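Chemist: I'll drop the sequence and a predicted model, then ask my questions.
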Amino acid sequence: MGRNSLSLEIHHDNDGGAGNHNNVSVRDRLRLKRNPTDMRRSSLRSTRPPHHHVPPRSLNRKGFLLSLLKPRGTCLLYSLVAFAVCAFVASSLLLQSSITWQGSAKGGSVGRRIGLGSALKYVPGRVARRLIEGEGIDSLRSEVRIGVRPPRLALILGNMRKDPRTLVLITVVKNLQKLGYVFQVFAVENGEARPLWEQLAGHVKVLVSGQLGYADWTVFEGVIADSLEAKEAISIYILCSLMQEPFRSVPLIWIVHEDILANRLPVYQKMGQSSLVSHWRSAFARANAVVFPQFTLPMLHSVLDDGNFVVIPESVVDVWAAERYSETHAKQTLRESNGFGEDDLIIMVLGSSLFYDDFSRDNAVAVHMLGPLLTRYGRRKETGGPFKFIFLFGNSTNAVQEVASRLGLTQDTVQHFGLNEDVNRVLLMADVLVYASSQEEQSFPSLVVRAMSFGIPIVTPDFPIMKKYMADGVHGIFFRRNDPDTLLKAFSPLISDGSLSKFAQTVASSGRLLIKNMMATECITGYARLLENVLHFPSDTFLPGSVSQLQVAAWEWSLFRRVIEEAESLTQDSAYGSIVFQVEEKFTSVVESTNTVDNDTIVFSDELPSKLDWDVLEEIEKLESEELEDRSERDVEDWEEIYRNARKSEKLKFKVNERDEGELERTGQPLCIYEIYNGAGAWPFLHHGSLYRGLSLSSKDRRLSSDDVDAADRLPLLKDTYYRDLLCEIGGMFSVANKVDSIHMRPWIGFQSWRSAGRKVVSLAHSHILVLHPSSNFDTLLWRQVSLSSKAEGSLENIIQKDTKGEIVYFWTRLDIDADALGIKNALRSGLPRKLQAFRHMYGLPEHIEALPPMPEDGHHWSSLHNWVMPTPSFLEFVMFSRMFSESLDALHSDSKSCSLASSQLERKHCYCRVLELLVNVWAYHSGRKMVYINPRDGSLEEQHPLPQRKGFMWAKYFNFTLLKSMDEDLAEAADDNDHPRERWLWPLTGEVHWKGVYERERETKEKLYDRIKNGYKQKSLGG
């Protein structure tokens, strides 16, 4: 259980009013059954109300009776009423004691611990309450924003069947689109609803098992996963998943509407499969919010709760089931097949949904509350027709027949149907439904929803949940809870001359119209508010419209009318719940394999090992065994054994160097492109071959089977996650530039973000765009870049081999917008003063001088995403400039915990990344570098911003190498003298520290060493 896990609030109300409140945590499951194939079994721990001990006292029976006989008139009437009430309570308790609790031990504990008149209530945890009741983005709406694109959401569908879940999602998505959200739909499997989704949200990408890793989730503000089947896209088994970096920071909302996992969790606990429970708990914990459509579902999954369970109610499933059943079954036919006559008036009595499986004490009290109603309409002939009472709860008929016999009713008048039967058949036969529960519920009872969908008038207690959606006398009839007189009074207007009155028919019709679209508005606004509280809205996105803009909504029934009217019955797909059983099989196979090795010791991990994990473990065990063998004492070997071990050592070294064939192929090549990544989730996007080499920002997430560069090992600053997130890809460039000769000895160097391949595979029309100008046309702001094709790679290699001289930058990722839209000029003036002051602080410019280098609007393109190639000396100069600019940014933000360059929490985490990603354009333009765009598809070249056109715009004096070098040496001298301008000084941590004094010390040290080697060490005399 998480620290913010949900709890149950049990209200004890002995008088029908407010009572004591006790909060208890849910440990087991709650017994619930909505239909014959949908069972929910559990128990929960609660506290019983304190029992008040009454001391016994003797009572003179004769004197007591005489005292009762003495009063006359009014006193006698009051005495008889009191005696009748006592007799009724006594009979109720007697009946309760005679009824056997037929549930399991867990279910029995529920009945024993939830006393009469108690209300079982789901109470969300602290985190969930903040997601539901948070302020959303109200504070952002008052700020000035430069939005150029709508917020993007990814929707992962567990299936694409035409079912109630699809109806709900399509309705929700359609209304969220009205607020400004843009959706990209993914699906774990194909299905018949695909045309509906493509019509609504465009192309649907089916995530085949082998391609689940090829989705870049970072281009979305959030991901919505529907059903447990979507776990395949979230699962830790998939190499590229939402549970791994760099995707762990992407907000995830997981909608769980199945109860199959809840049914299996008690089995796992009983079998001692704690690792399987832990696996599902880790999957649920990854989500920022786990959404359930009913309040009972979070109770059933309470063992997996991490404080992120949210309930957004909806009732489409039951309405769908009722309407589908009505299309294939006739009311009169069902009545005849079950032995009811045409003139029979069937009154359905429904108990509490919390005790559907058993005839509980609550249901026993409900039956006794119906005593006057049963007596009047069950025995008396003057009511005008044969009345039949059907009790729908529990799976035993003994208790109901016992009640009938005590009230003098025939067995034909009172019948019982259990929840293990076809409840739709039982409900459809009824003429009136009396909801006789004494348990106050949070959710609108599902079987009441079905009855109203069948067009049956409802008589219900005046619970708050019923009064919230229904109007008394319009959609149903209310009576006071646990009050037989008000029940009889509420029921009477529904009957006229032994049949349903016109009033009853009007109430049934109004109820049917209400229930069809009930909770639609609440569900849609619930998701809209949840998104506002969960998502991060970057500064370049438009804010979604206010929830208040949504009008009264209705479910999109018209899109599914033909499916509902089909004659075939609705059957569950064979794949329903398949992911649950697939996970069970995988864990079982691990258990069996472990038992085969050692029947006495079984060790489970919280995550199911993959093939890659087993390979790594085998490699580690092999190395450990060899190390132990080398350390052990052995006899002196002969020369043949020594020679054999030496050859073995050389062979192992050769294998280490051979792990990546690209390393050998890179030998002698003039260019190497480093692909920067952070996390195992980016592995599928990386290239293999002689041209590319991985550059991992995190040591633990480096690929094991390749010679990727460990950036954190080369630059210790990146071991600090704060700075690694702050600098992003440019931190990897700093690590390569740090003692570059030890890693890169080639004349050309290039970099490419792993996101290039990710953007290509996702192929979104509106992809990730950095700081853009508000006047730009959104339809033209498309990412044109993809990773280099084989043809473009060959073209680039041929060009740099022929043209080995010159200061030039080749880039293949462009933004089809003006330079001013890059946010380097006018956009910055609108509201990023600290960013604007970075150049002023870096160069010490006075206030009257423009603080930002001009970037002209010449219709040419600019580089983005760090996808470029340049000569290695130019790269070192760019890094020198970037280190000083990064230090200037950090100096402006060191005195503030917030990031003025960001408007969302995620942007604050990567505060400098957006600026540094575009910095190469400023440096290349004003330093006089030739900028050439290479088409990533065909390798064609196109020069951008020709040098003659830059006259009058370039700030060449500020980007002169001599000036930058002198500034770099000044910083190095200060660092060498420990003259730090502040406690957290970033510049010395980003690379090498060199200035003239360092060179002189190194020269003196070398001269002393050379002199000692040449002349030997001369010790001074003791007296000298």
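Modeler: That came in fine, so what should we check first?
Chemist: show me where the stretch 901-1024 of the chain has its strands.
Modeler: With DSSP state E, counting those that start in this stretch applied, the stretch 901-1024 of the chain shows strands at 930-934, 941-944, listed in chain order.
Chemist: gap between Asp710 and Met745?
Modeler: Distance of Asp710 to Met745, computed by Cβ to Cβ, to the nearest Å: 18 Å. In short, each C-beta sits where N, CA and C put it, glycine included.
Chemist: these two: which is more packed in?
Modeler: Using other Cβ atoms under 10 Å as the criterion, Asp710 and Met745 rank with Asp710 on top: 17 against 9.
Chemist: re earlier: most packed of the strands of the stretch 901-1024 of the chain?
Modeler: Of these, the one with the most neighbours on average (mean count of other Cβ atoms under 10 Å) is strand 930-934, at a mean of 21.
Chemist: output the contacting helices and strands for that one.
Modeler: Judged by 3 or more Cβ pairs under 8 Å, 6 or more residues apart in numbering; DSSP states H and E, strand 930-934 is in contact with helix 790-802, strand 808-811, strand 941-944.
Chemist: relative to strand 930-934, how tilted is the first one?
Modeler: Orientation note: helix 790-802 sits at an angle of 150 degrees relative to strand 930-934 (axes from the mean of the first three to the mean of the last three Cα atoms, to 10 degrees).
Chemist: may I see the buried residues of helix 790-802?
Modeler: Within helix 790-802, the residues that qualify as buried are 792-793, 795-797, 799-800, counting by 16 or more other Cβ atoms under 10 Å.
Chemist: now it: average pLDDT?
Modeler: What helix 790-802 shows for mean pLDDT is 90.
Chemist: low-confidence stretches in the stretch 401-550 of the chain?
Modeler: 401-411 (pLDDT under 70).
Chemist: just give me the neighbour total for the residue lying closest to Leu334 once chain neighbours are set aside.
Modeler: Spatially, and ignoring its direct neighbours in sequence, Leu334 is nearest to Met429 (5.1 Å; Cβ to Cβ, 6 or more residues apart in numbering). Around Met429 there are 25 other residues, counting by other Cβ under 10 Å.
Chemist: what sits against Met429?
Modeler: Contact partners of Met429, counting by Cβ atoms under 8 Å, 6 or more residues apart in numbering, are 331, 334-335, 338, 340, 346, 348, 390.
Chemist: let's see which of those residues end up in strands.
Modeler: 346, 348, 390 (DSSP state E).
Chemist: quick one: which of those is nearest Gln177?
Modeler: Gln177 lies nearest to Met348 out of those, by Cβ to Cβ, at 41.3 Å.
Chemist: verify the contact between Ala230 and Met160 for me.
Modeler: No: counting by Cβ atoms under 8 Å, Ala230 stays clear of Met160, with 11.8 Å between them.
Chemist: give me the more crowded residue out of these two.
Modeler: For Ala230 versus Met160, the count of surrounding residues by other Cβ under 10 Å is larger for Ala230: 27 against 21.
Chemist: for that one, what are phi and psi?
Modeler: phi -70, psi -10 (degrees, to the nearest 10).
Chemist: run through the residues that contact it.
Modeler: 156-158, 188, 254.
Chemist: wait, doesn't Arg746 sit right on Ile673?
Modeler: No: between Arg746 and Ile673 there is no contact under Cβ under 8 Å: 10.5 Å.
Chemist: of these two, which one has the most company?
Modeler: Higher neighbour count among Arg746 and Ile673: Ile673, with 22 against 15, using other Cβ under 10 Å.
Chemist: quickly note the distance from that one to Tyr122.
Modeler: Distance from Ile673 to Tyr122, by Cβ to Cβ: 54 Å.
Chemist: do the same with Leu717
Modeler: Distance from Leu717 to Tyr122, by Cβ to Cβ: 47 Å.
Chemist: got it, and Pro445?
Modeler: 15 Å.
Chemist: compare these two (neighbour count), which wins?
Modeler: Pro445 (26 against 22).
Chemist: phi and psi next, for the more buried one.
Modeler: Here is the backbone geometry of Pro445 (degrees, to the nearest 10): phi -50, psi 130.
Chemist: that older thread, can I get the helices and strands packed on strand 930-934 in CSV with distance to Ser690?
Modeler: Below are these laid out as CSV (distance: least, Cβ to Cβ, whole Å):
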stretch, distance to Ser690
helix 790-802, 10
strand 808-811, 18
strand 941-944, 22
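Chemist: out of those, nearest to Phe542?
Modeler: Closest among these, once you apply Cβ to Cβ, is strand 808-811, at 28.3 Å.
Chemist: immediately after the closest one, which helix or strand?
Modeler: strand 814-815 (DSSP states H and E).
Chemist: just checking, what packs against that following strand?
Modeler: In terms of contacts (3+ Cβ pairs under 8 Å, 6+ apart), strand 814-815 is packed against strand 862-863.
Chemist: Lys586: neighbouring residues, count only.
Modeler: So Lys586, with other Cβ under 10 Å, has 16 neighbours.
Chemist: surely it is within a helix?
Modeler: Yes: remark: Lys586 belongs to a helix, assigned using DSSP: H, G, I helix; E, B strand; the rest coil.
Chemist: gap between it and Ile579?
Modeler: 11 Å.
Chemist: repeat for Ile1013
Modeler: Where Ile579 is concerned, Ile1013 sits at a distance of 70 Å (Cβ to Cβ).
Chemist: these two: who's more crowded?
Modeler: Neighbour count, other Cβ under 10 Å: between Ile1013 and Ile579, Ile579 has more, with 21 against 9.
Chemist: so is the more buried one in a helix, a strand, or just coil?
Modeler: helix.
Chemist: wait, it sits on Ala225?
Modeler: No: Ile579 lies out of contact with Ala225 (Cβ under 8 Å); the separation is 11.6 Å.
Chemist: what do these two both touch?
Modeler: In contact with both Ile579 and Ala225: 158, 231, using Cβ under 8 Å, 6+ apart.
Chemist: all strands for the stretch 351-500 of the chain, in order.
Modeler: Under DSSP E, counting those that start in this stretch, the stretch 351-500 of the chain gives strands at 387-392, 414-417, 432-435, 458-461, 477-479, 495-496, 499-500.
Chemist: in a markdown table: the ones you listed, plus distance to Leu686 and mean neighbour count.
Modeler: A markdown table is the format used below for the strands of the stretch 351-500 of the chain (distance: least, Cβ to Cβ, whole Å; neighbours: other Cβ atoms under 10 Å):
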| stretch | distance to Leu686 | mean neighbour count |
| --- | --- | --- |
| strand 387-392 | 60 | 24 |
| strand 414-417 | 62 | 22 |
| strand 432-435 | 60 | 25 |
| strand 458-461 | 61 | 25 |
| strand 477-479 | 65 | 23 |
| strand 495-496 | 75 | 17 |
| strand 499-500 | 71 | 16 |
